[in-house]
Each structure stands twice: as C-alpha cells, then as structure tokens.
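# Provided below for reference: sequence and predicted model.
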Amino acid sequence: MSLFGLGKKKEEVKVEPACACNGEVATYEASSCCCGNQQVENCCGGDNKVTSIKVLGAGCKSCHEQYENAKKAIEELGLGIEVEYITDMEKVMAYGVMSMPAIVVNENVVSMGKVLKSAEVIKLLGKLEF
C-alpha cells in the first residue's frame, strides 16, 4: 500500500493527433500533427489558403477591438471568409491560450496577448504565406 498515491505510476494519456488542416482539432496539442506548426505546402491535400480565422477573447474592450481589426483586415484582403469571435472560456482554453486576445488561423494560434491593428494582421498573414 502506498501512502497518498506515492510510488504509483500515473496512467499516461496519449493525445491522438488530428490534422489541423481538416478542422477536426479537439485540443491545442493535437493542432501540431502533420504540419508541426510549420507551413507545409499542400498539407493533407489542401493548399495554403486561409479557411478560418477566430479571435479568442473574454469579451473585453481589447478583445472586441481585435475582432474588429481582424474583420477589417480580411475585408481589405478581399477574402470571403467570416471572422469568428469566441468568448466561451472552455473553447478558448482548448487552444491553450492563456493571454487574450488571441488570433487563430486555420486552427493554429498565431498571436496572443496583444491587440494587432488591421495592417499588422495583414502583415502577419503575409508572414504565414497565406
């Protein structure tokens, strides 16, 4: 018998990798599967296009400002996608984000902890080769 569970081996929890490219990411850990958080051309049969942008926040003024700046950047780029604003803390925590606002592009966290202006969002997307 071990006292307070000392000496017992903890059961390992294995996270099955899910591809970040197909939108089936359940946790932040799973988002780095085949791409390894690197831009890989035609990863999982897709091309390097922005398919989704999410702004994660707590609903505060800064987070709402980031949402508006991201929408403006997407409009300026002429992309026909909708920017999603997520304030549900369970969903936010699933991405592993600890400081908000955060921007998620194609299920990968690309920015967190500061409000980016629309020009900075455009520059960030350019760096990501989208």
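Sure thing, it's come through.

# OK, contacts around K54?
By Cβ atoms under 8 Å, 6 or more residues apart in numbering, the contact list for K54 reads V83, E84, Y85, I86, I103, V104. All C-beta atoms are positioned from the backbone trio N, CA, C, and that covers glycine.

# Dump those into a markdown table; add neighbour count and pLDDT as well.
Below are the contacts of K54 laid out as a markdown table (neighbours: other Cβ atoms under 10 Å; pLDDT from 0 to 100):
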| residue | neighbour count | pLDDT |
| --- | --- | --- |
| V83 | 21 | 94 |
| E84 | 13 | 95 |
| Y85 | 18 | 96 |
| I86 | 19 | 95 |
| I103 | 26 | 96 |
| V104 | 23 | 95 |
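
# Among the residues you listed, which lie within strands?
Among the contacts of K54, the members found in strands (DSSP state E) are V83, E84, Y85, I86, I103, V104.

# For beta bridges, what are the partners of the third one?
Read it as Y85. Beta bridges link Y85 to V55, judged by DSSP bridges.

# Distance check, it against K127.
Distance, Y85 to K127, using Cβ to Cβ, to the nearest Å: 23 Å.

# The first one now?
Distance from V83 to K127, counting by Cβ to Cβ: 18 Å.

# I'd assumed I122 was in a strand, is it?
No. Counting by DSSP: H, G, I helix; E, B strand; the rest coil, I122 is not found in a strand; it is helix.

# Let me know the secondary structure of V110.
Classification of V110 by three-state DSSP places it in strand.

# wait, what's in contact with the nearest residue to L77 once chain neighbours are set aside?
Spatial nearest neighbour of L77, chain neighbours left out: I122 (6.2 Å); criterion: Cβ to Cβ, 6 or more residues apart in numbering. By Cβ under 8 Å, 6+ apart, the contact set of I122 is A73, E76, L77.

# And the average pLDDT for whatever helix or strand the second one lives in is what?
What it means is E76. Using DSSP states H and E, E76 sits within helix 61-77. Average pLDDT, helix 61-77: 94.

# Determine the set of other helices and strands touching it.
When contacts are defined as 3 or more Cβ pairs under 8 Å, 6 or more residues apart in numbering; DSSP states H and E, helix 61-77 packs onto strand 53-56, strand 83-86, helix 118-127.
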